[in-house]
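Novice: fold the stuff below for me.
(chains A and B)
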Amino acid sequence: GENVEQHPSTLSVQEGDSAVIKCTYSDSASNYFPWYKQELGKRPQLIIDIRSNVGEKKDQRIAVTLNKTAKHFSLHITETQPEDSAVYFCAAKAGQAGTALIFGKGTTLSVSS
Amino acid sequence: GAVVSQHPSRVICKSGTSVKIECRSLDFQATTMFWYRQFPKQSLMLMATSNEGSKATYEQGVEKDKFLINHASLTLSTLTVTSAHPEDSSFYICSANGPSSYEQYFGPGTRLTVT
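Specialist: Okay, here's the model as predicted:
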């Protein structure tokens, strides 16, 4: 089955700096790669996703890149703000409806002002 | 957008009792729903895949006789934790695929505390 590795587990940056979180996956059939932000005690919130037919996607300060050959994808947050502080999870799945998302272990991002 | 609800949001039960958690897709039909468990400061771990009208598929290490899953309709899946013990205390989250097969929509989660 799918296995998703995520690094780093914790990341501390200064406000305004960039943050990068990296994930690798094992199943070459995976073709959907979302990123979630989770507040304590709440459900995961989708912040950006990418499908395997593109290599990069951007939404304002957030971007995701995908390298299918190397089986890794990354989240890039530019101009970080204190409100970006949260736990971030990457996930992967094959795009069939009956397939579940498999999550990485998470990254705790702290943005200090 | 697709909305998934869960009930209850919090439950406290005594050791040895059973607890039922409901997961509903409110504005779409979900032939497949997924149950995850999240311990403090850990990731979401897939417990089982719930298929409407058929038996659930459990992940390795998850006891199917302890975590009973029923998916009797296209909008409702239930997870029953039987003979709960303190180590079952966790955050349980369900999800379902939306109209496209890619994005997964999550319920708000249920905080289970077993005393």
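Novice: could you give the bridge partners of the residue nearest to the spatial centre of chain B?
Specialist: Chain B has B:Trp35 as the residue nearest its centroid, 3.7 Å off, counting by CA atoms, centre = their mean. Beta-bridge partners recorded for B:Trp35 (DSSP bridges): B:Ala48, B:Cys94.
Novice: which positions in chain B make contact with chain A?
Specialist: B:31-32, B:34, B:42-46, B:49, B:51, B:91, B:93, B:95, B:97, B:101-104, B:106-109, B:111 (CB under 8 Å from any CB of the partner chain). Glycine gets a C-beta too; all of them are placed from N, C-alpha and C.
Novice: 7 Å instead, please
Specialist: B:32, B:34, B:43-44, B:46, B:49, B:93, B:97, B:101-104, B:106-109 (CB under 7 Å from any CB of the partner chain).
Novice: which residues in chain B form strands?
Specialist: For chain B, the strands defined by DSSP state E cover B:4-7, B:10-13, B:19-25, B:32-38, B:45-51, B:57-58, B:67-73, B:76-81, B:90-97, B:104-106, B:110-114.
Novice: how about those in TSV, adding distance to A:Gly1?
Specialist: Below are the strands of chain B laid out as TSV (distance: least, CB to CB, whole Å):
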stretch	distance to A:Gly1
strand B:4-7	24
strand B:10-13	30
strand B:19-25	23
strand B:32-38	14
strand B:45-51	9
strand B:57-58	11
strand B:67-73	19
strand B:76-81	21
strand B:90-97	17
strand B:104-106	17
strand B:110-114	25
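Novice: what residues are up against A:Ala92?
Specialist: Counting by CB atoms under 7 Å, 6 or more residues apart in numbering or on different chains, A:Ala92 makes contact with A:Glu2, A:Val4, A:Tyr25, A:Ser30, A:Phe33, A:Ile102.
Novice: quick one, phi psi at it?
Specialist: For A:Ala92, the backbone dihedrals (degrees, to the nearest 10) come out as phi -150, psi 150.
Novice: do you know how far it is from B:Tyr36?
Specialist: 15 Å (CB to CB, to the nearest Å).
Novice: what does B:Arg24 give?
Specialist: From B:Arg24 across to B:Tyr36, the span is 16 Å (CB to CB).
Novice: give me the more crowded residue out of those two.
Specialist: Here B:Arg24 and B:Tyr36 are compared on neighbour count by other CB atoms under 10 Å in any protein chain shown; more neighbours surround B:Tyr36, at 24 against 19.
Novice: all the strands of chain A, residue numbers only.
Specialist: A:4-7, A:10-14, A:19-25, A:32-38, A:45-51, A:56-59, A:62-67, A:72-77, A:86-92, A:102-103, A:107-112.
Novice: can you put the ones you listed in a markdown table and add mean pLDDT?
Specialist: Listed next are those as a markdown table, based on pLDDT from 0 to 100:
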| stretch | mean pLDDT |
| --- | --- |
| strand A:4-7 | 98 |
| strand A:10-14 | 98 |
| strand A:19-25 | 98 |
| strand A:32-38 | 97 |
| strand A:45-51 | 96 |
| strand A:56-59 | 96 |
| strand A:62-67 | 97 |
| strand A:72-77 | 98 |
| strand A:86-92 | 98 |
| strand A:102-103 | 98 |
| strand A:107-112 | 98 |
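Novice: I am finished for the moment; much appreciated.
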